[in-house]
Structures are given as C-alpha cells and as structure tokens.
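Undergrad: Sequence plus the predicted model coming up.
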Amino acid sequence: MKNKTNKSASKRFKISKNGKVMHRSHYIRHLRSSKSKSQIRSLKKMKQVAGVMGKKIKQMLGKA
C-alpha cells in the first residue's frame, strides 16, 4: 500500500534542493512595528529543521 503525504506538513514545510527540511519563522505575523527592520528581515528567511524532527517531517512528506 502506498504511503500518503501528510497534507498539513506539506503546507508548513519544504524540502530544499540539498534535502534540508525548511520552515517559515514564527514571531512575524503581527506586532511588527515594535520589531527592528533587521529582525523582520531575518525572520522572513526560511529556517532549517534539524535532528529527529527533520527526519520525521521528511517521512511525513514521503521523501525519506
């Protein structure tokens, strides 16, 4: 039987070209006026999910 992709995980995480699991930063959705411009710029970048959680997410996405 084929494994199904976890749809909630597929919307939240992306696999990079080199196989890293990436996610969007938190703390950026609202109350941005109190944050510095450099903090907002750094929060816009995708962050890597490492370790055991990264492996589990890859499995959910059917990439492992």
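TA: Looks like it arrived, so ask away.
Undergrad: Tell me how many other residues crowd Phe13.
TA: Phe13 is flanked by 20 other residues according to other CB atoms under 10 Å. (Each C-beta comes from the backbone N, C-alpha and C, glycine too.)
Undergrad: Surely it and Leu61 touch.
TA: Yes. Under the criterion of CB atoms under 8 Å, Phe13 makes contact with Leu61 at 6.7 Å.
Undergrad: how far does stretch 1-18 stretch from start to finish?
TA: End-to-end span of stretch 1-18 (CA to CA, to the nearest Å): 28 Å.
Undergrad: Now tell me what touches it from outside.
TA: 21-24, 46, 49, 57-58, 60-63 (CB atoms under 8 Å, 6 or more residues apart in numbering).
Undergrad: what's the longest helix along the chain packed up against?
TA: When the chain is parsed with DSSP state H, its longest helix is helix 51-61. Contact here means 3 or more CB pairs under 8 Å, 6 or more residues apart in numbering; DSSP states H and E; on that basis helix 51-61 packs against helix 7-12, strand 13-15, strand 21-23.
Undergrad: can we see that at 10 Å?
TA: helix 7-12, strand 13-15, strand 21-23, strand 47-49 (3 or more CB pairs under 10 Å, 6 or more residues apart in numbering; DSSP states H and E).
Undergrad: Pairing partners for the second one, with directions?
TA: Read that as strand 13-15. According to DSSP bridges, strand 13-15 forms sheet pairs with strand 21-23 (antiparallel).
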